[in-house]
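Colleague: quick one, what's the 3D model for this:
(one chain, ligands or ions: 1)
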Amino acid sequence: MYGRPATSAELPQQAPSHLPAQPQEAQQSDAQAPQPAQQIRRPRRITVRTLRRMKANREKITMLTAYDAPFASLLDRSGIEMLLVGDSLGMVIQGEANTLSVTMDQMVYHTRCVSRNAQRAMVVGDMPFMSYQVSPEQALTNAGRLVQEGGAHAVKLEGGADVAPAIRKIVNAGIPVVGHLGLTPQSVHAMGGFVIQGRKPEQAEQIKQDALLLQEAGACCLVLEGIPSALAAEITQLLDIPTVGIGAGDGCDGQVLVTHDMLGLNTEFVPSFVKQYSRLHALIEQAVQQYISEVKQSIFPEEEHSYD
Ligand code: KIV
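Modeller: Numbering: from 1, shown residues only. Purely as a prediction, here's the structure:
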């Protein structure tokens, strides 16, 4: 184990977000106030060293996407090791058909929302389309923004040999980089859709060579998306750095999913590689319908929800 999920008792308690907070003195007497020796200990942060150790110890790495404060906090408290502020927010949050319209400013904004609310997880900020392809200098400038303004602990970018110089430049500046190979959504038009990659032998060989190249360029971790399980397992064996798979089988060092998919917040298409661990959309619809009904019937608010 590398640290452990924080319990709610260990984390700073927050006032409900929509109401003015009660003054601190009104909430606790002097006797209850934390003494210096008992002060809240923050859980130990997951770092690149933790990831390396986890691979060496064959401990699976867990990653989920987060785009905002409440999810960052919930997933972090639940013990997730890596939070990816993915450019998938273009589809998940903005309702676009793909990720191509997501901008650097949007990524910085969402990365900030997440990093401010994750105490333990390593926060990875995704580099959006055209934020790193122009030159290694452009890539470094934008990676720097995700760290400096967004509070990311690492950045992620898609591609193989073509992006290796950009990865080298970013890593040399002290910023950990997560690579991303296989089905790379920013190349949706070049791939002719969101299509599984690496089924043909020459394509599989290319992905393997790219994986080795990204490791050599200094990547700390690789996301392998939408490739056959056997290929992902082979790459995982080849590399010293950990792989995190999505639609890439169980041979990777870890797994990543889009949180909204795995919690069943989407009512539409669910890709076959997604396991829905909940059906939150049904719970939300039921809660909202009850709220509507109670307001209409003057059941809510009751006295306990009202001020004197
Ligand atoms: O943008 C994203 O969320 C991703 C994951 C799906 C790996 O790249």
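Colleague: could you use CA atoms for every contact and neighbour count after this?
Modeller: Fine.
Colleague: so what does the strand or helix carrying Ala232 touch, helix or strand wise?
Modeller: Ala232 belongs to helix 229-238 when assigned by DSSP states H and E. Applying 3 or more Cα pairs under 8 Å, 6 or more residues apart in numbering; DSSP states H and E, one finds that helix 229-238 contacts helix 201-217.
Colleague: count the neighbours of His189 for me.
Modeller: 11 (other Cα atoms under 10 Å).
Colleague: doesn't it lie inside a helix?
Modeller: Yes - applying DSSP: H, G, I helix; E, B strand; the rest coil, one finds His189 inside a helix.
Colleague: now it: how far from the ligand?
Modeller: Look at His189 and the ligand: by Cα to the nearest ligand atom, to the nearest Å, they are 16 Å apart.
Colleague: likewise for Leu231?
Modeller: 17 Å.
Colleague: and if you look at Met104?
Modeller: Taken as Cα to the nearest ligand atom, the span from Met104 to the ligand is 13 Å.
Colleague: go on, Ala233?
Modeller: 17 Å.
Colleague: for the helix or strand following the helix holding Ala232, the distance to its chain's centre please.
Modeller: For helix 229-238, the following helix or strand on the C-terminal side (DSSP H and E) is strand 243-246. Chain-centre distance of strand 243-246: 12 Å, with Cα atoms, centre = their mean, to the nearest Å.
Colleague: do stretch 229-243 as well
Modeller: The answer for stretch 229-243 is 21 Å, by Cα atoms, centre = their mean.
Colleague: can you list the buried residues in it?
Modeller: 229, 231-233, 235-236, 239, 241-243 (16 or more other Cα atoms under 10 Å).
Colleague: what's the angle between the helix holding Ala232 and helix 201-217?
Modeller: Between the axes of helix 229-238 and helix 201-217, defined by axes from the mean of the first three to the mean of the last three Cα atoms, to 10 degrees, the angle is 30 degrees.
Colleague: can you list contacts of helix 229-238?
Modeller: Contacts to helix 229-238, defined as Cα atoms under 8 Å, 6 or more residues apart in numbering, come from residues 198, 204, 208, 211-212, 224, 242-243, 245, 248-253.
Colleague: tell me the one of the residues you listed nearest His153?
Modeller: Pro242 (16.5 Å; Cα to Cα).
Colleague: quick one, what contacts the closest residue to that closest one other than its chain neighbours?
Modeller: Spatial nearest neighbour of Pro242, chain neighbours left out: Cys221 (5.0 Å); criterion: Cα to Cα, 6 or more residues apart in numbering. Neighbour list for Cys221: 177-179, 215, 241-244 [criterion: Cα under 8 Å, 6+ apart].
Colleague: would you turn the residues you listed into TSV with distance to Met91?
Modeller: Below are the contacts of Cys221 laid out as TSV (distance: Cα to Cα, whole Å):
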residue	distance to Met91
Val177	23
Val178	21
Gly179	21
Gln215	29
Ile241	29
Pro242	27
Thr243	24
Val244	21
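Colleague: the ligand: which of those residues is nearest?
Modeller: Val244 (8.5 Å; Cα to the nearest ligand atom).
Colleague: near the ligand, which residues of the stretch 1-150 of the chain are found?
Modeller: Neighbours of the ligand within the stretch 1-150 of the chain, by Cα under 6 Å from any ligand atom: 65, 86-88.
Colleague: what do you get if the cut-off is 5 Å, keeping everything else the same?
Modeller: Proximity of the stretch 1-150 of the chain to the ligand, by Cα under 5 Å from any ligand atom, involves residues 86-88.
Colleague: so what's the residue in the chain that the ligand sits nearest to closest to, chain neighbours aside?
Modeller: Nearest residue of the chain to the ligand, counting by Cα to the nearest ligand atom: Gly86, 3.3 Å away. Excluding the flanking residues, the one nearest Gly86 by Cα to Cα, 6+ apart is Asp126, at 5.1 Å.
Colleague: dig out what that neighbour forms beta bridges with.
Modeller: Lys156 (DSSP bridges).
Colleague: roughly how far does it sit from Thr50?
Modeller: Look at Asp126 and Thr50: by Cα to Cα, to the nearest Å, they are 20 Å apart.
Colleague: is stretch 272-288 positioned near the ligand?
Modeller: No - judged by Cα under 5 Å from any ligand atom, stretch 272-288 and the ligand are separated, with a smallest distance of 10.9 Å.
Colleague: care to break the protein down by domain?
Modeller: Domains of the chain are assigned by automatic domain parsing as 42-277, 280-308.
Colleague: which one of these is the most hemmed in?
Modeller: Stretch with highest mean neighbour count among the domains of the chain: domain 42-277 (a mean of 20; mean count of other Cα atoms under 10 Å).
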